[in-house]
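Q: Sequence below, structure please.
(2 chains, ligands or ions: 2)
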2 protein chains.
Amino acid sequence: MVNIKVAQTAGFCFGVRIAVDMAKKAGEQLGHAYTNGPIIHNKQVVSYLESIGIKELKDYSQLKPGETVIIRSHGVPPETERQLKSMNINVLDATCPFVKKVHDKVRQLVEEGYFVVIIGEEGHPEVIGTLGHLKEVNGQGVVVENFEDLIKKVPKRNKIGVVAQTTQSEDFFREAVGYLAENTEELKVFNTICDATSVRQEEVKKLAPTVDVMIIIGGKHSGNTQRLAQISKALNPNTYHIETAEELQKEWFEGKDNVGISAGASTPDWIINQVVEKIKQLKGVTA
Amino acid sequence: MVNIKVAQTAGFCFGVRIAVDMAKKAGEQLGHAYTNGPIIHNKQVVSYLESIGIKELKDYSQLKPGETVIIRSHGVPPETERQLKSMNINVLDATCPFVKKVHDKVRQLVEEGYFVVIIGEEGHPEVIGTLGHLKEVNGQGVVVENFEDLIKKVPKRNKIGVVAQTTQSEDFFREAVGYLAENTEELKVFNTICDATSVRQEEVKKLAPTVDVMIIIGGKHSGNTQRLAQISKALNPNTYHIETAEELQKEWFEGKDNVGISAGASTPDWIINQVVEKIKQLKGVTA
Ligand code: F3S
Ligand code: F3S
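A: Ligands and ions are numbered 1, 2, ... in the order given. Next comes the predicted model:
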């Protein structure tokens, strides 16, 4: 007997799921499309997508009218989207809704008269997209990444509005907001940090102590998967971090009937399903 | 020869100046009026005001129609003002404009749909007034004084608005705002901390190194005066903290022609002027 519980938040976040699904559909239906940059950091997914005709766009000049470009979760500046459309490119927009919210909030802050501070990484694709929206509504603003940036880049203004890159760390966000509130009269903050990662971690915290064995699936070098395994191990010493089903070992499950599973942000469902099936097999369960 | 420079920000802040002037005028013109609580913490000022008929109101039931009540800088709940008026009391409102701004911002936040967090001291007269305004517009909110309050008293809300007691320390303000931004979706902060104290200190920082002697006037037990003397001494060892002109000593000024003066928040101009005159006398200058 084996009782396997897969965390609901295992694997892809909401936004990446949308983008990968869209790429799969485009490949299956059109047989050929580009993504504007890597859509996900997972070799198996990328090579599957390549096998159905989805390639990363390296150079815009290689595009021909009528071709399809999938905008990945990070989003793009509105300028880029317009350019593609003016070239008669078929644009499939997989910008994550949470990233779109950052764009909307930046526009709202500009409309309400705020100088905009984007807490995030200068040069990150998401931030480049957000700055494009700021620019389009003739807003003024800066990107701050650390305390030095706050001091050096933020001018004295009476009304400051804040958004964050969706993957911004809470620690610097908190510090930056505190500093800005102290140095302006009116501060409006939209906490646009996405909670996909923290919610996934919370679920592992709840699941790990209730099972006999925890399996965490994801790249050995993936930071978010490592962290997930670390949290799980602290609450359940029988935690194993694997990349694929092949690594599972029969003895991990001997005398252990309750198995919990979670997976890092770049792990597709099919790999999770393979792990589930393999565990059943090792436990001698026939489907 | 002596060259005396009195700091522009020496003594009363803007709000206390308005209230004391109003009390003086009321005493001179009416010969009788109340203040709702002590108007300032300075014995000489209080006894002067008493001498012209200005008393502290101890019990509202002692009031008779037609009498005058001066509302001090801290302000009151609107309810209190209405009650006084319904009793046919002549109300003179010396609420500091910066405190009125806190009231206005609380009302604005409620109108815009925010749950209000007042960063300040529960039970402080200013905060009681501010809570009165919150209540009057049917707003919801809490007062937070320390980190424990933040955790215990602030409920989970999507829109949180913040104001601060005018005399709130910047340190906890910064910490609280950071924490709140992390725990809500939309945060709007009005930094209503009054800069009277920090501006007074800044001026001393500039003045002290440019003179031969610095005189700091104010109560020996007044925290803000002690701090002023401490800052001055760090930048100019010839700093003396006095309460009145009588304490000045001739030898402090021997061979020293440039004298700087500042004073704590409760020191009236007339005491500052007495100090100036006494120094001139000690230096043998005839007016
Ligand atoms: S891409 Fe994923 S991490 Fe959040 S912002 Fe969108 S759900
Ligand atoms: S009373 Fe004074 S300290 Fe500031 S808030 Fe008003 S000027």
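Q: is stretch A:37-51 anywhere near ligand 1?
A: No - for a cut-off given as C-beta under 6 Å from any ligand atom, stretch A:37-51 has no contacts with ligand 1; the smallest distance is 9.9 Å. For the C-beta atoms, the positions are set from N, CA and C on the backbone; glycine is no exception.
Q: To clarify, my last question referred to stretch A:192-203.
A: Yes - using C-beta under 6 Å from any ligand atom, stretch A:192-203 comes into contact with ligand 1 via A:194, A:196.
Q: For chain A, which residue gets nearest to ligand 1?
A: As assessed by C-beta to the nearest ligand atom, ligand 1 sits closest to residue A:15 within chain A, at 2.4 Å.
Q: State the next helix or strand along the chain beyond the helix or strand containing that residue.
A: Using DSSP states H and E, residue A:15 sits in helix A:14-30. Moving toward the C-terminus from helix A:14-30, the next helix or strand (DSSP H and E) is strand A:33-35.
Q: what distance separates that following strand from the centre of its chain?
A: Remark: strand A:33-35 is offset 19 Å from the chain centroid, using C-alpha atoms, centre = their mean, to the nearest Å.
Q: quick one: contacts of it?
A: Identification of contacts with strand A:33-35 by C-beta atoms under 8 Å, 6 or more residues apart in numbering or on different chains yields A:19, A:23, A:26-27, A:49, A:53-57, A:63, A:67-70, A:72, A:92.
Q: what do you get for stretch A:104-112?
A: With C-beta under 8 Å, 6+ apart, stretch A:104-112 has contacts from A:116, A:118, A:130, A:133-134, A:137-141, A:159, A:161, A:163, A:188, A:190, A:192.
Q: Buried residues, it. List them.
A: Buried residues in stretch A:104-112, counted by 16 or more other C-beta atoms under 10 Å in any protein chain shown: A:105-107, A:109-110.
Q: Please identify the buried residues of the helix or strand residue A:129 falls within?
A: Residue A:129 belongs to helix A:125-136 when assigned by DSSP H and E. For helix A:125-136, burial by neighbour count (16+ other C-beta under 10 Å) applies to A:125-136.
Q: Are there helices or strands packed against the helix or strand following it, and which ones?
A: Downstream of helix A:125-136, the first helix or strand assigned by DSSP H and E is strand A:141-144. Applying 3 or more C-beta pairs under 8 Å, 6 or more residues apart in numbering or on different chains; DSSP states H and E, one finds that strand A:141-144 contacts strand A:115-119, helix A:125-136, helix A:147-153.
Q: For strand A:141-144, which strands pair with it and how are they oriented?
A: In the sheet, strand A:141-144 lines up against strand A:115-119 (parallel) (DSSP bridges).
Q: what sits up against the partner strand?
A: Outside strand A:115-119, the residues that touch it by C-beta under 8 Å, 6+ apart are A:106, A:109-110, A:127, A:130-131, A:134, A:139-145, A:154-155, A:157, A:159-165, A:168, A:172-173, A:176-177, A:180.
Q: Name the residues that touch the helix holding residue A:129?
A: Residues contacting helix A:125-136 (C-beta under 8 Å, 6+ apart): A:37, A:72, A:74-80, A:95, A:99, A:102-103, A:106-107, A:110, A:116, A:118, A:120-121, A:140-141, A:143, A:163, A:165-167.
Q: about what we covered before: show me how to select, in PyMOL, the buried members of the contacts of strand A:33-35.
A: Buried members of these, defined by 16+ other C-beta under 10 Å, are picked up in PyMOL with:
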select buried, chain A and resi 19+23+26+27+49+53+54+57+63+67+68+69+70+72+92
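Q: For the contacts of stretch A:104-112, which two are the farthest from each other?
A: For the contacts of stretch A:104-112, the maximum inter-member distance is 21.2 Å, found between A:138 and A:192 (C-beta to C-beta).
Q: between these two, which one's more packed in?
A: residue A:192 (26 against 7; other C-beta atoms under 10 Å in any protein chain shown).
Q: Could you measure from that one over to ligand 2?
A: 34 Å (C-beta to the nearest ligand atom, to the nearest Å).
Q: Let me see the contact set for that residue.
A: Counting by C-beta under 8 Å, 6+ apart, residue A:192 touches A:98, A:101-102, A:105, A:163-166.
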